[in-house]
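K.L.:
sharing a model prediction with you, sequence too.
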Amino acid sequence: MFRWMKALFFLMCLLMVGSFNAYAAEGELIGAGATFPQPLYSKMFDVYFQQNKIKINYQGIGSGGGINQLIKKTVDFGGTDAFMTEKELKDAGAPILHIPTCLGAVVVTYNLPGNPKLKLTPVIIADIFLGKIKKWNDLSIQSLNKDIKLPDLAITVVRRADGSGTTYIFSEYLTKVSAEWKEKIGTGKSLNWPEGFIGQKGNPGVAGYVKQTLGAVGYVELLYALQNKMAFASVKNKAGNFIEPTPKSVSNAAKVKIPDDTNVSLTDTSAKDGYPISSFTWLIFYKEQNYDGRSIKRAESLARLLMWMVTDGQKYVEPLQYSPLPKGASEAAQKIIKAMTYNGKPILN
Amino acid sequence: MTKSDRSEKRFINILLASGLSIIALLLAVFLTLTIASMPSIKTFGLAFFMSRDWDPSLEKFGALPFLYGTLITSTIALVISIPFSIAISIFLGEYFKDGVVSNFLRSSTEVLAGIPSVIYGLWGLFLLMPVTRYIQTAIGATPYGVGIFTASVMLAIMIIPFSASIGREVISLIPTDLKEAAYSLGATRFEVIKNIIIPYARSGIIAGILLAFGRAIGETMAVTMLIGNSNFLPKSIFSPANTMASVIANEFAESTGISAASLIYIGLVLFLVTMLVNIIGTYVIKKIGLESSKEVT
């Protein structure tokens, strides 16, 4: 009996040691963060492993988690859907770099008889999600969509119940285009929504409720709407064009002047054929790679991986229905990767 | 000291250590929750429970809608579940103690208790939601489909197996001589149930109901999927609302700073409320247990 318990104790110790093995062996990189690009990263890292025999382990734990893990230095790189705030950058202790890897977009999806293709203006979207437009045959929507006979049906608004990057991008857009939205609700991962809206968890929750409810309207990621063949609206952009959200039109949203640190908000983009509710998703890492006793080899393999992701790796973006970086954004990212240093010396030349 | 003495002592020590570690665990949970929620406790104090605001962008937090939502859904669920769970426990504990039908029914209730709550939630979305929407359309309420009513019915279905299986257990433990004595005095079966079984098993039945109430309070996944997650005080039984467990599950992953502390504060309250329900439960069981044994003997 006693010997048996000893064996059990030994086994438990072994298991614990196994799970503490956070910093993995040389030749294996670790990342964590945003869940939105995770399917794409899995594909990219798989291909990269086959070509270069470097294993990369990425865990989708959310953007907030990705930033925290990088600052705690438990990962080589993090993933985030929102550019780090000034406070977060200050907490990091040393300069952190961002590179965009692809783009995502948020679409307004709905359930109407026959699922027609609607056109919506920023003001209409804001008014619907402020609870001000209550019926589908409201004059403002009907006069914009003359070729569709809209039903006399109440609008049921569905929103994300969980804190999410999708809500952040959507509310950032509405804050830019509607003064009333800015004053009453503002921008954030979770918001103080008007009364009477239904909250559902995750993209599947919102999409599921919309599909089951005639007259419902909600917002989901473009990728999710495409994969589930949902109806979504074309939105009027800053240049005055109605743009249907597609991987292409989302990429076009990034055809603007990209600042050196790529800290640019693409919502309400000025690009003339860009879909206006688009955003980059970023990878983040420390500029000076010699910290916590990291080897130069590790720093090099990270820099090479990042370089591959924004250049050759981009060809895996579109087949998965994500939106690839336009040329300008890719060039900006390459310049940032070249600024990575080890003991103050550039890692890649 | 002989060998058996030593192993005896070792055995007692192991028992003691396990017992103490449970208390330590309880204290550790309480302390962790209190420390992590300190920023929120300092900022909002007890007014946290009176305030209806939940505004992460302005960092103003109040838990009244969630506290209210949790208590109202659990109470309605309890009221719906009581007649069913008592009926099932009498049926299985007295009328059909064994046999194929009884075994089948008993294992069915046990299987119901073991189904993961996310599956209840999915089932609710596909079946309960359209039914509720039909009822709402019929009586002229806004046809949300989700809300307090839907979540409460789902909770009731989820907790019936718990109270029913404890009730059945207690009822089948009633000494046969008591029942036979009543029959020999000419009592009908209903009279036996009314005058012997119910009073004798009362504490057990109530214990089961309280256990079920505790489960309803803490239930998260199925409720999140069916309650509509609206952070306002509900206006009617069909309104969307939110509960303490559900708001934590939804918002915690992406929250930081004071909003994370406020969610943990809600967690602390949830912890205390469940503990209170348990303490009241133990007290009630003790009290009724004493009375009923007096009544029957």
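P.N.:
Perfect, I can see it now. Everything numeric here is computed off the predicted structure, so don't read it as measured data.

K.L.:
ok, which stretches of chain B are helices?
P.N.:
B:3-44, B:64-90, B:100-114, B:117-123, B:129-139, B:148-172, B:176-184, B:189-192, B:198-218, B:221-227, B:244-251, B:257-296 (DSSP state H).

K.L.:
among the ones you listed, which is the most enclosed?
P.N.:
Stretch with highest mean neighbour count among these: helix B:221-227 (a mean of 28; mean count of other CB atoms under 10 Å in any protein chain shown). Where you see a C-beta, it was placed from the backbone N, CA and C, and this is true even at glycine.

K.L.:
what's that one packed up against?
P.N.:
Where contact means 3 or more CB pairs under 8 Å, 6 or more residues apart in numbering or on different chains; DSSP states H and E, helix B:221-227 is packed against helix B:64-90, helix B:117-123, helix B:148-172, helix B:244-251.

K.L.:
returning to that earlier point: worst mean pLDDT among the helices of chain B?
P.N.:
Comparing mean pLDDT across those, the weakest is helix B:257-296, with a mean of 81.

K.L.:
and that helix with helix B:198-218, angle?
P.N.:
If you take axes from the mean of the first three to the mean of the last three CA atoms, to 10 degrees, helix B:257-296 sits at 180 degrees to helix B:198-218.

K.L.:
run the chain-centre distance for helix B:257-296.
P.N.:
10 Å (CA atoms, centre = their mean, to the nearest Å).

K.L.:
which other helices and strands does it contact?
P.N.:
helix B:3-44, strand B:60-61, helix B:64-90, helix B:198-218, helix B:244-251.

K.L.:
what's the closest non-adjacent residue to the residue sitting nearest the centre point of chain A?
P.N.:
Most central in chain A under CA atoms, centre = their mean is A:Asp81, positioned 3.9 Å from the mean C-alpha point. Take A:Asp81 and drop its neighbours on the chain: the residue closest to it by CB to CB, 6 or more residues apart in numbering or on different chains is A:Gly165, 3.5 Å away.

K.L.:
got the contact list for that neighbour?
P.N.:
Listed by CB atoms under 8 Å, 6 or more residues apart in numbering or on different chains, the contact set of A:Gly165 reads A:34, A:36, A:63, A:81-82, A:189, B:254.

K.L.:
as JSON lines, those with pLDDT would be great.
P.N.:
Converted to JSON lines, the contacts of A:Gly165 look like this (pLDDT from 0 to 100):
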{"residue": "A:Ala34", "pLDDT": "89"}
{"residue": "A:Phe36", "pLDDT": "87"}
{"residue": "A:Ser63", "pLDDT": "85"}
{"residue": "A:Asp81", "pLDDT": "89"}
{"residue": "A:Ala82", "pLDDT": "87"}
{"residue": "A:Lys189", "pLDDT": "87"}
{"residue": "B:Glu254", "pLDDT": "78"}
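
K.L.:
and which of these is nearest B:Ala28?
P.N.:
Among these, B:Glu254 lies closest to B:Ala28 (CB to CB), at 26.1 Å.

K.L.:
how much space between that closest one and A:Ser164?
P.N.:
6 Å (CB to CB, to the nearest Å).

K.L.:
which neighbours do these two have in common?
P.N.:
A:189-190.

K.L.:
more neighbours, the two?
P.N.:
Taking neighbours as other CB atoms under 10 Å in any protein chain shown, B:Glu254 and A:Ser164 compare with A:Ser164 leading, 26 against 22.

K.L.:
next, that one: phi, psi?
P.N.:
Torsion angles at A:Ser164 (phi, psi; degrees, to the nearest 10) stand at phi -160, psi 150.

K.L.:
hmm, back to that, give me the buried subset of the contacts of A:Gly165.
P.N.:
A:34, A:36, A:63, A:81-82, A:189, B:254 (16 or more other CB atoms under 10 Å in any protein chain shown).

K.L.:
ok, back up a step: nearest to B:Ser108, of the helices and strands packed on helix B:221-227?
P.N.:
helix B:148-172 (8.8 Å).

K.L.:
what angle separates that closest one from helix B:244-251?
P.N.:
With the same axes, to 10 degrees as the basis, helix B:148-172 and helix B:244-251 are set at 130 degrees to each other.

K.L.:
now helix B:148-172: how far from the chain's centre is it?
P.N.:
9 Å.

K.L.:
repeat for stretch B:221-229
P.N.:
Offset of stretch B:221-229 from its chain centre (CA atoms, centre = their mean): 16 Å.

K.L.:
dump the helices and strands packed on helix B:257-296 to a markdown table, plus distance to chain A.
P.N.:
Putting these into a markdown table (distance: least, CB to the nearest CB, whole Å) gives the following:
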| stretch | distance to chain A |
| --- | --- |
| helix B:3-44 | 8 |
| strand B:60-61 | 8 |
| helix B:64-90 | 11 |
| helix B:198-218 | 17 |
| helix B:244-251 | 4 |
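
K.L.:
and those as TSV, adding distance to B:Phe96?
P.N.:
Shown next, in TSV, are the helices and strands packed on helix B:257-296 (distance: least, CB to CB, whole Å):
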stretch	distance to B:Phe96
helix B:3-44	38
strand B:60-61	52
helix B:64-90	10
helix B:198-218	16
helix B:244-251	36
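
K.L.:
looking at those, which is closest to A:Glu221?
P.N.:
Nearest of these (CB to CB): helix B:244-251, 17.5 Å.

K.L.:
residues making contact with the closest one?
P.N.:
A:161-163, A:190, A:199, A:201, B:54, B:56, B:63, B:66-67, B:69-70, B:217-221, B:223-224, B:227, B:229, B:231, B:259, B:263, B:266-267, B:269-270, B:273.

K.L.:
kindly report the residues of the stretch 51-200 of chain A close to chain B.
P.N.:
Near chain B, the residues belonging to the stretch 51-200 of chain A are A:62-65, A:154, A:156, A:161-165, A:185-193, A:195-200 when assessed by CB under 8 Å from any CB of the partner chain.

K.L.:
pull out the buried residues from those.
P.N.:
The buried subset of those (16+ other CB under 10 Å) comprises A:62-65, A:156, A:161-165, A:185-193, A:196-200.

K.L.:
looking at those, which are in helices?
P.N.:
Going by DSSP H, the helices hold A:63-65, A:165 from these.

K.L.:
picking that back up, can I get the contacts of A:Gly165 in TSV including distance to B:Val79?
P.N.:
Below are the contacts of A:Gly165 laid out as TSV (distance: CB to CB, whole Å):
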residue	distance to B:Val79
A:Ala34	44
A:Phe36	43
A:Ser63	43
A:Asp81	44
A:Ala82	45
A:Lys189	37
B:Glu254	36
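
K.L.:
and of these, the nearest to A:Lys55?
P.N.:
So of the contacts of A:Gly165, ranked by how close each gets to A:Lys55 (CB to CB), first place is A:Ala34, at 20.4 Å.

K.L.:
now the closest one: closest residue in space, sequence neighbours ignored.
P.N.:
A:Ala34 sits nearest to A:Gly79 (CB to CB, 6+ apart), 4.2 Å away.

K.L.:
correct me, but the one you found touches A:Phe280?
P.N.:
No. Using CB atoms under 8 Å, A:Gly79 makes no contact with A:Phe280, being 11.4 Å away.

K.L.:
if anything else comes up later, I'll come back, but that's it for now.
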